[in-house]
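Trainee: Provided below for reference: sequence and predicted model.
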Amino acid sequence: MKTLKFAVLPGDGIGPEVMEVALDVLKSAGEKFSFTLDYENADIGGIAIDNHGTAFPDSTKQVCEASEAILFGSVGGPKWESLPPKEQPERAALLPIRKTFSLYANVRPGLLYPELTDASPLKKERIPNGIDIVCIRELTGGIYFGQPKSTSTLENGEEQAIDTMVYKTSEIERISKVAIDTAKARGNRVCSVDKANVLETSVLWRKVVTAYFAKHAPEIELSHMYVDNAAMQLARDPNQFDVLFTENMFGDILSDEMGVICGSLGMLASASLGAQKNSLGFPFGLYEPSGGTAPDIAGQGIANPCAQILSVAMMLRYSFGQLEAATAIEIAVEKAVTSGNRTGDIAFGLDPIGTKAMGEAVLSYL
């Protein structure tokens, strides 16, 4: 039997409770598809600040370095909002872990099952067959990491803050390859989103993307769209897109919009893939739900675990090559949330059957 070695970082808020359910599903999948689990828990985010004095302690980094992948929960919450911005869990944990492991590509499926179209704020006639798109977001460049980055006081007493958006050709080319690989497994269509009518980085982005696709994947249908128009089109007709591909900040915003039109962030998983391969020859990656810590419902046992479970499926597919097990989990989640026309959107109060009950429903179809 194969052994899957990975780090488990539950984090804060609802993170630990949905992680527990997701691991139950993973253990069951292992029994069915003949693999065993070797994982170690470690602190990240607010709980790490409380226990270690920093959001991403060296002990957690060492656990991750000894693993083939990272299964991540969520970080942050009101308890730590009074900290200086640089020390808050979201910034002091997520950005460093992405940078440490060169996790430059975020793959976030936007999936709304046809049976659940009522959960979307879009009119049903706009999405009669549900939604099935993917957002590819560059993760380690752009305005979040560019230098200089500072806040200073001017001579006249005004405060001035500076963030710098920076991209290099190599950064754009490597994320372009992820978009191409994703499109080849789907509909061979990519829409690259930028702001090339205003930003120098977007001018370079469009130039490099166009050249890279022409050289390496001329069969892919490539289009370009300004980010403001893309935001409108995503709300008007999401299925006009297949693979939506963009830089860091634009991807941060558009992927959350995608989550809303798909009915719930509580149903959306994501994979953050890196440049390095694990010892198995697959991409080292971090897998996490998109919904955050949901502190208002943490500890109540009603958080939707489906995004965390689907993150497990993505980990099996990308970092361990367990395609059959990944597909089985995805099918089980679909059946669990669509049976009886349930929305599966527990986190937003539409189906408060409970975190563990939803996990048991998924297990019943696995």
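Mentor: Everything's here; your move. Numbering: from 1, shown residues only.
Trainee: is Met225 bridged to anything, and to what?
Mentor: The bridge-partner assignment for Met225, based on DSSP bridges, gives Val193.
Trainee: wait, it touches Val190, no?
Mentor: No: judged on Cβ atoms under 8 Å, Met225 makes no contact with Val190 at a distance of 10.8 Å. Where C-beta positions appear, they are placed from N, C-alpha and C, glycine not excepted.
Trainee: so, low pLDDT: which residues of this structure?
Mentor: 340-353 (pLDDT under 70).
Trainee: distance check, the residue nearest to the spatial centre of it against Leu122.
Mentor: Central residue of the chain (Cα atoms, centre = their mean): Ser270, 2.9 Å from the mean position. Remark: distance between Ser270 and Leu122 (Cβ to Cβ, to the nearest Å) = 21 Å.
Trainee: residues contacting the residue lying closest to Ser223 once chain neighbours are set aside?
Mentor: By the measure of Cβ to Cβ, 6 or more residues apart in numbering, the closest residue to Ser223 outside its immediate chain neighbours is Cys191, 4.9 Å from it. For Cys191, the contact set (Cβ atoms under 8 Å, 6 or more residues apart in numbering) comprises Leu222, Ser223, His224, Met225, Ala230, Phe241, Asp242, Val243, Leu244, Phe245.
Trainee: tell me if I am right that Cys191 is in a strand.
Mentor: Yes: assignment of Cys191 by DSSP: H, G, I helix; E, B strand; the rest coil places it within a strand.
Trainee: wait, doesn't Val209 sit right on Val193?
Mentor: No: with contact defined as Cβ under 8 Å, Val209 and Val193 do not form a contacting pair (10.1 Å).
Trainee: list the contacts of Ala307.
Mentor: Ala307 is in contact with Val18, Leu265, Gly266, Met267, Leu268, Ala269, Pro289, Ser290, Gly291, counting by Cβ under 8 Å, 6+ apart.
Trainee: now with 7 Å, please.
Mentor: For Ala307, the contacting residues are Gly266, Met267, Leu268, Ala269, Pro289, Ser290, Gly291, by Cβ atoms under 7 Å, 6 or more residues apart in numbering.
Trainee: give me the more crowded residue out of Val209 and Val193.
Mentor: It is Val193, of Val209 and Val193, that has more neighbours when counted by other Cβ atoms under 10 Å, with 29 against 22.
Trainee: please report how far the more buried one lies from Ile143.
Mentor: 15 Å.
Trainee: all strands of the stretch 151-300 of the chain, in order?
Mentor: 159-162, 189-194, 221-226, 243-246, 269-277, 283-289 (DSSP state E, counting those that start in this stretch).
Trainee: now for the fourth one, which elements pack on it?
Mentor: To tie it back to what came earlier, the one meant is strand 243-246. On a contact count with 3 or more Cβ pairs under 7 Å, 6 or more residues apart in numbering; DSSP states H and E, strand 243-246 meets strand 131-138, helix 169-184, strand 189-194.
Trainee: just to revisit the earlier point, just the buried members of the contacts of Ala307?
Mentor: Gly266, Met267, Leu268, Ala269, Pro289, Ser290, Gly291 (16 or more other Cβ atoms under 10 Å).
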